[in-house]
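J.: here are the coordinates; sequence isn't available:
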């Protein structure tokens, strides 16, 4: 049986030698060279074309070559009976936490204010509190959220986490469900979203939820663009309800050149770079998923299709 | 006997009620209202006028209301026989580490590059390594340097520290003296200077030392402006030897509006805000110094005038 590998051209160049070394003698099919679709039982994919997976009649396992599986499962023809494993790689987790800590510190230390002053050659100091006086809330408190939360906590921030189902994390208060959401919003001067895109999180950051934040709060979105209603964010910035937003993910990526986010003085735009897939380390998780599958073991990072992540 | 308090007008407003509460019944003289200079035995000062301290004939203790004592001891008339205590306040230490971690992450994650792209509405991703692959060197490895070093280490950075005299810090390699300086420079892709301004550190960051850094390195100066030769920094940026610099301290503060640093695309200027004195917490260290002095005990944070810090 064969293993299909589908990723961007540059990523394929990285995956190819790693896979051939880690799994010698296996029959790899690097997209778009599929050969006989009926020979493929395992697919390693990132943002596959709609219909690609449903066109593989003998497919038994899908491994997502990234943290978010939304692009796979939103395909209406996606074969829902098959197991899907998402990539959990400590290297990517570390990268995500670097980005989150960087942007939270930037907001906390008024980085945008001082950058604007530099452009005006203006030497002016502003009142500054310590991290211990800054409540930070993290939406999405799984592997990525907890790692970022612990690192923010180590810097002194007053961190709390929110997730769909209740979690117990040492030294960090956690909230869950709909009631918990309002509670964490009410306390978060800086709100970080690491939410996956699911039925439940689609548009979760909207006029109503943003209004629950303390006035002047800031947000960091590193989850998925679809979780944020873009017009509601602009309105909240205009009204002063929000002071700033750092966005790494968008409804449309690349963000179109004429999109108002690019030129907004209180929005930081980065091109979906918070935590790239890093084949050299992620290969271990891919190999592990294939080994578990072939040994008939439970799949460690199998997603729950009903939950959506 | 009386206690002179000399600080900026805004800082005095903060210090006054804190001191009067913490040391009730004491005879405070808030600058410029000195009263009889011969009544003053203790001076709590930030950037005192040259001659102010030498004009107090009964002075016995000087407490600096900030981390750096250079502004006190560079006064040629400064009474060198008197003990000088510098302020060590965990709140200020935490603030300094926040700033250092923020700016190191910004350099590591190419913050300046992505900001410039945002101004051009340009969506372009750049190769990114993890903190573990980024060697960071910290010059000045006392209380502040070690705290920042430990926090950078917790984020995964490959941290090393350098100080005048050898230090032993768990899990962080340290260097000392002239030979150690060249060694830490050679390994530091990001160099953070927390050096005090002394005879030995005056102009320490110059064409020769900057040339020892790996090509394309970046620096963060949060120590004192006088430790950096400004023209040598500009030349190193022009030649590509350095990729960027983050500067919070300058030879002349406020930085003059026509100074080339303000508009340099690869220099970040902040107005000496890394770690402000925070009277509400620093009061504890001031009171402790006075208590130690009056009880005839060794002064915990007494500076060594020969060393200069």
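T.: Thanks, I have it. Remember, predicted model here, so these are calculated numbers, not experimental data.
J.: Phi, psi for residue A:137 please.
T.: phi -110, psi 140 (degrees, to the nearest 10).
J.: so who does it touch?
T.: Taking Cβ atoms under 8 Å, 6 or more residues apart in numbering or on different chains as the criterion, residue A:137 is in contact with A:159-162, A:184-185, A:187-188, A:190-192. For every residue, glycine as well, the C-beta is placed using N, CA and C.
J.: which of these lies closest to chain B?
T.: residue A:190 (13.1 Å; Cβ to the nearest Cβ).
J.: Closest one to residue A:36 out of the contacts of residue A:137, please.
T.: Nearest to residue A:36 among the contacts of residue A:137: residue A:192, at 45.8 Å, using Cβ to Cβ.
J.: Can you list the strands that the helix or strand containing the closest one pairs with?
T.: Assessed by DSSP states H and E, residue A:192 sits inside strand A:190-193. Applying DSSP bridges, strand A:190-193 is found paired with strand A:135-139 (parallel), strand A:217-221 (parallel).
J.: Now render those as a markdown table, adding mean pLDDT and distance to residue A:67.
T.: Below are the strands paired with strand A:190-193 laid out as a markdown table (pLDDT from 0 to 100; distance: least, Cβ to Cβ, whole Å):
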| stretch | mean pLDDT | distance to residue A:67 |
| --- | --- | --- |
| strand A:135-139 | 98 | 15 |
| strand A:217-221 | 98 | 14 |
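J.: want to throw those into a markdown table with distance to residue B:215?
T.: Formatted as a markdown table, the entries for the strands paired with strand A:190-193 read as follows, by distance: least, Cβ to Cβ, whole Å:
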| stretch | distance to residue B:215 |
| --- | --- |
| strand A:135-139 | 37 |
| strand A:217-221 | 33 |
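J.: need the contact list for residue A:100.
T.: Contacts of residue A:100 by Cβ under 8 Å, 6+ apart are A:148, A:151-152, A:192, A:194, A:220, A:222, A:274.
J.: repeat for residue A:51
T.: With Cβ under 8 Å, 6+ apart, residue A:51 has these contacts: A:75, A:77.
J.: For the stretch 51-200 of chain A, what lies in contact range of chain B?
T.: Counting by Cβ under 8 Å from any Cβ of the partner chain, the positions of the stretch 51-200 of chain A adjacent to chain B are A:91, A:94-95, A:97-99, A:101-102, A:105-106, A:108-109, A:111, A:114-115, A:117-118, A:121, A:123-126, A:128, A:130-132, A:151, A:154-156.
J.: In PyMOL, how would I select just the buried ones from those?
T.: A single PyMOL command selects the buried members of those (16 or more other Cβ atoms under 10 Å in any protein chain shown):
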select buried, chain A and resi 91+94+95+97+98+99+101+102+105+106+108+109+111+114+115+117+118+121+123+128+130+131+151+154+155+156
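J.: quick one: which of the residues of the stretch 51-200 of chain A next to chain B sit in helices?
T.: A:91, A:94-95, A:97-99, A:101-102, A:105-106, A:108, A:111, A:114-115, A:117-118, A:151, A:154 (DSSP state H).
J.: Name the residues of stretch A:237-253 that come out as buried.
T.: For stretch A:237-253, by 16+ other Cβ under 10 Å, it's A:237, A:241-250.
J.: average pLDDT for that stretch?
T.: Averaging pLDDT along stretch A:237-253 yields 98.
J.: Could you measure from the closest residue to residue A:110 other than its chain neighbours over to residue A:111?
T.: Nearest residue to residue A:110 in three dimensions, chain neighbours excluded: residue A:126, at 5.8 Å (Cβ to Cβ, 6 or more residues apart in numbering or on different chains). In this view, residue A:126 and residue A:111 are 11 Å apart by Cβ to Cβ, to the nearest Å.
J.: try residue A:31
T.: 41 Å.
J.: Identify the residues contacting stretch A:55-67?
T.: Under Cβ under 8 Å, 6+ apart, the answer for stretch A:55-67 is A:1, A:4, A:7, A:11, A:15, A:37-47, A:53, A:72, A:79, A:82-88, A:92, A:96, A:144, A:275, A:277, A:282, A:286, A:289-290, A:293, A:299, A:303.
J.: ditto for stretch A:195-212
T.: With Cβ under 8 Å, 6+ apart as the criterion, stretch A:195-212 contacts A:68-70, A:139-140, A:164, A:181-182, A:185-186, A:193, A:219, A:221, A:223-224, A:226-229, A:232-233, A:235-236, A:241-242, A:307-309.
J.: Am I right that residue A:243 is in a strand?
T.: Yes: using DSSP: H, G, I helix; E, B strand; the rest coil, the assignment for residue A:243 is a strand.
J.: What values do phi and psi take at the nearest residue to it once chain neighbours are set aside?
T.: Nearest residue to residue A:243, sequence neighbours excluded (Cβ to Cβ, 6+ apart): residue A:216, at 4.7 Å. Dihedral angles of residue A:216 (phi, psi; degrees, to the nearest 10) stand at phi 90, psi 10.
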